[in-house]
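Asker: Have a look; sequence and predicted model below, questions after that.
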Amino acid sequence: MGTHRHHHPVIGRVALLAALLLAPSAAVAQPRAGTIRTDTLWAQSLGVRKAVTVYLPPSYAASPSRRYPVLFYLHGLTGNERNWAEQGGLGATLDSLARAGKGEAIVVMPDGDDGWYTTWNALNDPGCAADTVRKEKAATYCVPWLHYDDYVAHDLVKWVDSHYRTRATRASRGIAGLSMGGYGAVSIALSYPTLFAAAASHSGVVSPRLIGPTPYAGQPRYARDSTELRTTRLWRAMASPFGRDTIGWIARDPGRMVERLVARKRAVPALLIDSGLDDPYVDQSRDLHATLQRLRVPHRYAEWPGGHTWDYWRAHGAESAAFLLEQTKAR
């Protein structure tokens, strides 16, 4: 599919305002809203207890026999499990989609530290415990076992299926994320295609070896050795998890992951990729889009005005949520 550049109208409260003006003395029924809570779980893959934010849809409490699809939303670098709910307004977005008849889902928002949602090449980041900028204590941020992809795909999937009324099948699971989380969503779905039916990336670092040319013109250059890897935009943040040679980077490259699935004739999860036109990582989304086109893998792709900011992610979170609700056949 081609690049799309268009705007979506903001959903207002015109109907509610009209009701208040026409019948000021009548009680106005407020639309039902989902609930957001924070749980903790033992993360076997990390060796610590982790906090997780969970959104339960509006009908959850009143429908004790009903089961729901599950969507996982991953934060970006330096983020935490509260970002999508507090800065992204994801709960209100999901409530609005439910009122519009787009379906309901349980949404799980984990704490992925700065772990890139992968199994690390390094035993640990040498500077981790010395980091005094983060608010999270080293005891949970500097985890002993760095298997962040397994944490999401195994620990979290098992935990949510055992604690909430989920439809515990591949067809009813989707995953999305922004920036580092966009990489995580796509790479985890491609690494575990039997667990996830769909994935969405907002502003994702989805072609990490890309080094040029800029602007993207369809003839990409990728880092070929450790010297060229050091010229990538996120070398300092990604060297420990991805490794210091191209072997680890190639193994974790979403484009290469898709190539391997296609070569093995395996099903590729449904994919949505978007990025802001002013995003410094927009060329990475363009490159993965080009790879998917070359491999004839159906997907949705869009570029919109905006940068690598919460203004952009708040504006477009509804699109990934609607996409995942559609793919998981939410009711």
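Answerer: Now that the structure is in, tell me what you want to look at. Numbers count the residues shown, from 1 in each chain.
Asker: List of residues touching stretch 320-331?
Answerer: Identification of contacts with stretch 320-331 by CB atoms under 8 Å, 6 or more residues apart in numbering yields 68-71, 90, 93-94, 97, 102-105, 171-176, 197-198, 200, 202, 270, 272, 274, 300. The C-beta positions use only the backbone N, C-alpha and C, and glycine is treated the same way.
Asker: which SS state does residue 72 fall under?
Answerer: strand (DSSP: H, G, I helix; E, B strand; the rest coil).
Asker: Tell me what it is bridged to.
Answerer: residue 108, residue 175 (DSSP bridges).
Asker: For it, give me its contacts.
Answerer: Shown in contact with residue 72 (CB under 8 Å, 6+ apart): 107-110, 152, 156, 173-176, 185.
Asker: With respect to residue 311, which of these is nearest?
Answerer: residue 176 (17.8 Å; CB to CB).
Asker: and that closest one, what does it touch?
Answerer: 71-74, 182, 185, 199-202, 272, 320-321, 324.
Asker: Out of those, list just those in strands.
Answerer: 71-74, 199-202, 272 (DSSP state E).
Asker: Pipe these into CSV and attach pLDDT and distance to residue 55 per row.
Answerer: Below are the ones in strands among the contacts of residue 176 laid out as CSV (pLDDT from 0 to 100; distance: CB to CB, whole Å):
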residue, pLDDT, distance to residue 55
71, 98, 9
72, 98, 11
73, 98, 9
74, 98, 14
199, 98, 18
200, 98, 16
201, 98, 20
202, 98, 17
272, 98, 19
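Asker: Report the buried members of the residues you listed.
Answerer: Listed as buried from these are 71-74, 199-202, 272; burial here means 16 or more other CB atoms under 10 Å.
Asker: ok, of the contacts of residue 176, which one's closest to residue 309?
Answerer: Distances from residue 309 to the contacts of residue 176, taken by CB to CB, are shortest for residue 202, at 10.9 Å.
Asker: Only whichever of the contacts of stretch 320-331 are buried, select them in PyMOL.
Answerer: This is how PyMOL selects the buried members of those, with burial counted by 16+ other CB under 10 Å:
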select buried, resi 68+69+70+71+90+93+94+97+102+103+104+105+172+173+174+175+176+197+198+200+202+270+272+274+300
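Asker: what about the strands in the stretch 151-300 of the chain?
Answerer: Secondary structure of the stretch 151-300 of the chain by DSSP state E, counting those that start in this stretch: the strands cover 173-178, 198-202, 210-212, 221-222, 270-276, 300-304.
Asker: my guess is residue 43 meets residue 155, correct?
Answerer: Yes - when contacts are counted by CB atoms under 8 Å, residue 43 is listed as touching residue 155 (5.0 Å).
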